[in-house]
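Peer 1: Sequence plus the predicted model coming up.
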Amino acid sequence: MTRKQRRATFIFVSLGILGLAAGLVLFALSDSVTFFYSPSDVAERGVDAGERIRLGGLVEQGSLEKGGDATIRFNVTDFVETIPVTYRGVLPDLFREGQGVVAEGEIQADGVFVADKVLAKHDENYMPPEVAEALKKTGNWQGEGSTKSHAETYGQGSYP
């Protein structure tokens, strides 16, 4: 084999290994790229008990229960599927029934989502675009027009 052939072989093998490595990384990250899963996504995907995910949707009207031991129970829905959530801690000030929420935690074997972090929407006019898209996909979008971005809600470059 000549020197030119060895160099070409080395380059092709190196590119093949790099391509394979990139493919494996993308495959491994494919599930974690999604910001959150709607209740319908969780039902379709079949999330394993103990798997850490973000659950997003609307807090179901009439589902909020506050226990004496600082445990809070509520349901997250996308109007197709509903998942019961328990959370122990202080809820964000903007958390309320009928509003968008993203909870981070694990699904238990009994189907209850145990959240260790709860994020509420910004204000009355803002809904996270991901939540709005999930509601639009299921045909349950009730907003007027399109969602407002952070810049539209608070002004370009200013923060609350």
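Peer 2: Great, that's in hand. Every value quoted in this text rests on a predicted model; they were computed, and no experiment measured them.

Peer 1: Okay, buried residues for stretch 19-28 please.
Peer 2: For stretch 19-28, the neighbour count (16 or more other CB atoms under 10 Å) marks no residue as buried. Backbone N, C-alpha and C define where each C-beta goes, glycine included.

Peer 1: and it, C-alpha only, in PDB?
Peer 2: Extracted C-alpha coordinates of stretch 19-28, given in PDB (Å, rounded to 0.1, in the frame of the first residue of the first chain):
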ATOM      1  CA  GLY A  19     -20.000   9.400  12.100                       C
ATOM      2  CA  LEU A  20     -20.800   6.400  14.200                       C
ATOM      3  CA  ALA A  21     -20.000   8.200  17.400                       C
ATOM      4  CA  ALA A  22     -22.100  11.200  16.400                       C
ATOM      5  CA  GLY A  23     -25.000   8.900  15.600                       C
ATOM      6  CA  LEU A  24     -24.800   7.100  18.900                       C
ATOM      7  CA  VAL A  25     -24.700  10.500  20.800                       C
ATOM      8  CA  LEU A  26     -27.800  11.700  18.900                       C
ATOM      9  CA  PHE A  27     -29.600   8.500  19.500                       C
ATOM     10  CA  ALA A  28     -28.800   8.600  23.300                       C
END
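
Peer 1: ok, now which ones touch residue 131?
Peer 2: The contact partners of residue 131, by CB atoms under 8 Å, 6 or more residues apart in numbering, come to 36, 38, 56-58, 100, 102, 121.

Peer 1: taking the residues you listed as a set, which two sit the farthest apart in space?
Peer 2: 38 and 121 (14.9 Å; CB to CB).

Peer 1: more neighbours, these two?
Peer 2: Remark: of residue 38 and residue 121, residue 38 carries more neighbours, 27 against 20, as counted by other CB atoms under 10 Å.

Peer 1: Name the SS class of residue 87, please.
Peer 2: Recorded secondary structure, residue 87: strand (DSSP: H, G, I helix; E, B strand; the rest coil).
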